[in-house]
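# Predicted structure and sequence below. I'll ask about it afterward.
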Amino acid sequence: MTDPEVYLEKLSDFSRMLRLKGMAVSPRETEDAAKLLTIMGMAEREQVKTALRTIYAKSREEQLNFDVVFDGFFLSEETMRARAKEHAKRDWEQEQARRKAEEELEQYGDKVQLTEAERESYVVMSEDVRKKLRNIVERFRGNMARNPDLYRGFIRSVFAKTIMEQQLMMEDAGTGCEASDPELGILYRNIGEFRDTEIPQAIAMIQKVARQINGELSAKRKRSGNTGKLDFRRTIRKGMETGGSFYRLSYRKKRSRRRHLVMLCDVSGSMVQFSEFALRFIQSLNQVAESSRTFLFSERMVEADAFRLQNMDLFRNYVRESGIYGMGTDVGSALEQLCGEHPSVLNAGTTLLIFSDAKTINPLRAIAAVKEARRMAGRVIWLNPIPEGKWKYLKSSRTMAEVVTMISCSTLQELAAACRKLTMN
Amino acid sequence: MEDDPVTIEELKQKMDETQYVYDDTMATVLFVALTLGRPLLIEGAAGVGKTEVAKVMASALGRDLVRLQCYEGLDESKALYEWNYQKQLLSIQVNMNTEDKDALTKSLFSDEYLLERPLLKSIRSEKPVVLLIDEIDKADEEFEAFLLELLSEMQVTVPEIGTIRSRSVPFVVLTSNRARPLSEALRRRCAYLHIDYPDMEKELAILRKKLPHVDDRLCAQVAMAVHELRSNEAILKKPSIAETLDWAGALDALGMRELTPDALRQTAGFVLKNNEDIASADLCGEKNGHCGHCGEHHHDRS
């Protein structure tokens, strides 16, 4: 049997790649993977992939991430061949370009006295710029010989532009690197400004913050376990089991103040992203409410199937299938529908959460409906993705904030704070 | 008890003997968990056969199956151990006049008065067993935390006795319907497998293997109809594999050789378990004159 050490180095790199993808990988998993590879070998790629996936990925979401990293790290034979071919082609093309550039430089380079750095830049210059340079040299060949300093300055300016463009590209690369760090920016940036590529990081961040809140909640519950008052009925009943001796005392438990949660999510075009993030947050929080019901709305409202909402990765598909995607926002109509068609949903024990930017058709009707909902529900909280500083310029947000408790949730940080507040109270 | 398989092929051979339909992915995952001695966490919708995996492994490995069904409020007295209070009290009364009180107290917390519950039973067993912790998502978070010691160290701590290490390493299978997210700590200690509903081909293979006496054409029609029902978004409770088997068995028992709309209507209760689903399934829903479920024959529309 091969020594596991043989695989450890490669697998350590692989584990590091998985960590960069946001997965929590411990040294024990790397050790397990090495042990396994010594038994199974690496002859069958698919089998190795399944085996390592079993060890490293601990949920459906992690399995998807794992597959991406694995396919990039352990290349299949076909991929390796294709890449080698691609590299060879690219090398050949670059070599050709270099040769051509050198030939051209042999012709013109001495005349314009190029430095070594400029010669390097000439190789990567676009054909248009090269043509421009060639034309200058051709046209002013005679003048250049008589007054080289004058033309030299002009030619240098062409090179300076190319060098500057290259520098800008390098700076851009730095920005990309910063953005790939989930700790930087994502938490404090406006949700509406997220690029598609940043959404998985944002989701990972939501899960991370939700875990922290869960931990806080759990600690809080432990601290406030019972009221300290003896529960006589339970103590006596338990005592019956032990022949009448009070072997174990039972204490009165603190009454749970968890409420029933009703969520009304605006899924009109621009709001889907925010509603998805807010729902992900709420769902990741354990025991935020005794029960919850979710309604989606744009110009009309539909109740969301709780089972399908378990897989939030398919939320957008679900919204599209519900037939309300891409319409405008009508808060008034949605709330009227909620109060009219589901009168039992809102009662004194209910917290109604509205996820919307308050930009609604018929604001007066919306205000009246919100007032009615506030009367029926125990608590109404509006999570608004528009930053609080901008509310004063938006009549809809300003007016609605006067009627109902409105919390600004323009960033993930604010959304987390709102959810924390919701669970702690 | 048989020896544990040392290659995937050996495991496959053993699983073949149990009449279980599996794919390469599942065999590899089971082999990995077994080889590394890691608990296996299986997630998937209700009725995809998560529990069955534990039963099959018990049968394939020739081990006893110890099952712990989780529910809200499950605590260590139901899952791990409990003292036999009645017996302890009786012993106190019988030995009331004994001189050595310390020895009496000590004897009260010995194996004689210990009631083993599934978790303790599984680790104190001389022969390794398969321990099924079913529907872990139904248990409270506290219980989940309590399991961590068992899952990572294969030991449990009983305050009156001390730490009990496992005599044999059980193959632990945890199942979850994802009713609530499980803690990261628990996940990290387990190997992971997600099971989806089987595709039509696999479902047909299951039907053929489990119900060899049922007509092949009927099996194919049932598999196709179930596949259609599962892909129908309006149906809330998707039919499980067990229900597919029940349905095919019921049709066969009624002497039906083909899944006609009448047969479908009469036996719908075996596969759809609430009125809304039966209404949504549109049991007479025909597409282009073909049956909406078996997709084969034509019906009289008069």
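Received it, and whenever you're ready, just let me know what you need. The shown structure was predicted, so the numbers you read here are calculated from the model rather than taken from an experiment. Residues are numbered from 1 along each chain as shown, chains lettered A, B, ... in the order given.

# Out of the helices and strands in the chain, which is least certain?
Answering for chain A, as no chain was given. In chain A, no helix or strand scores lower on mean pLDDT, DSSP states H and E than helix A:148-179, which sits at a mean of 59.

# oops, I was thinking of chain B
strand B:286-287 (a mean of 44).

# What's the local residue count around the residue lying closest to B:Tyr20 once chain neighbours are set aside?
Spatial nearest neighbour of B:Tyr20, chain neighbours left out: B:Val56 (4.4 Å); criterion: C-beta to C-beta, 6 or more residues apart in numbering or on different chains. To be clear about C-beta, it is placed using only N, CA and C from the backbone, and glycine gets the same treatment. Using other C-beta atoms under 10 Å in any protein chain shown, B:Val56 is surrounded by 23 other residues.

# Tell me which stretches of chain B form helices.
For chain B, the helices defined by DSSP state H cover B:8-16, B:24-36, B:50-61, B:76-79, B:85-94, B:101-108, B:118-124, B:141-153, B:184-188, B:200-210, B:216-231, B:241-253, B:261-267, B:275-281.

# And these: which comes nearest A:Glu46?
helix B:24-36 (7.5 Å; C-beta to C-beta).

# Any idea how far apart the tips of stretch A:372-392 sit?
24 Å (C-alpha to C-alpha, to the nearest Å).

# how about the helices of chain B in JSON lines, adding mean pLDDT?
JSON lines is the format used below for the helices of chain B (pLDDT from 0 to 100):
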{"stretch": "helix B:8-16", "mean pLDDT": "90"}
{"stretch": "helix B:24-36", "mean pLDDT": "93"}
{"stretch": "helix B:50-61", "mean pLDDT": "93"}
{"stretch": "helix B:76-79", "mean pLDDT": "87"}
{"stretch": "helix B:85-94", "mean pLDDT": "88"}
{"stretch": "helix B:101-108", "mean pLDDT": "84"}
{"stretch": "helix B:118-124", "mean pLDDT": "92"}
{"stretch": "helix B:141-153", "mean pLDDT": "87"}
{"stretch": "helix B:184-188", "mean pLDDT": "89"}
{"stretch": "helix B:200-210", "mean pLDDT": "90"}
{"stretch": "helix B:216-231", "mean pLDDT": "90"}
{"stretch": "helix B:241-253", "mean pLDDT": "91"}
{"stretch": "helix B:261-267", "mean pLDDT": "85"}
{"stretch": "helix B:275-281", "mean pLDDT": "77"}
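
# can these go into TSV with extra columns for distance to A:Arg234?
Listed next are those as TSV, based on distance: least, C-beta to C-beta, whole Å:
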stretch	distance to A:Arg234
helix B:8-16	48
helix B:24-36	41
helix B:50-61	34
helix B:76-79	15
helix B:85-94	16
helix B:101-108	24
helix B:118-124	25
helix B:141-153	19
helix B:184-188	30
helix B:200-210	47
helix B:216-231	45
helix B:241-253	39
helix B:261-267	48
helix B:275-281	40
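
# Report the contact partners of B:Asp215.
B:Asp252, B:Arg257 (C-beta atoms under 8 Å, 6 or more residues apart in numbering or on different chains).

# mind redoing it with 7 Å?
Applying C-beta atoms under 7 Å, 6 or more residues apart in numbering or on different chains to B:Asp215 gives the contacts B:Arg257.

# per-residue confidence at it?
Model confidence at B:Asp215, expressed as pLDDT, equals 88.

# Which pLDDT does the model give the closest residue to A:Lys371 other than its chain neighbours?
Closest residue to A:Lys371 apart from its sequence neighbours, by C-beta to C-beta, 6+ apart: A:Val403 at 6.1 Å. What the model reports as pLDDT for A:Val403 is 89.

# what's the distance between A:Val403 and A:Glu138?
76 Å (C-beta to C-beta, to the nearest Å).

# So the two - more neighbours on which side?
Higher neighbour count among A:Val403 and A:Glu138: A:Val403, with 16 against 10, using other C-beta under 10 Å.

# Enumerate every residue touching the more buried one.
A:Val403 neighbours (C-beta under 7 Å, 6+ apart): A:Ile367, A:Val370, A:Lys371.

# Which of the residues you listed are buried, as a ChimeraX select command?
This is the ChimeraX syntax for the buried subset of the contacts of A:Val403, where burial follows 16 or more other C-beta atoms under 10 Å in any protein chain shown:
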select /A:367,370
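
# with the contacts of A:Val403 in mind, which one is nearest to A:Leu309?
A:Val370 (24.1 Å).
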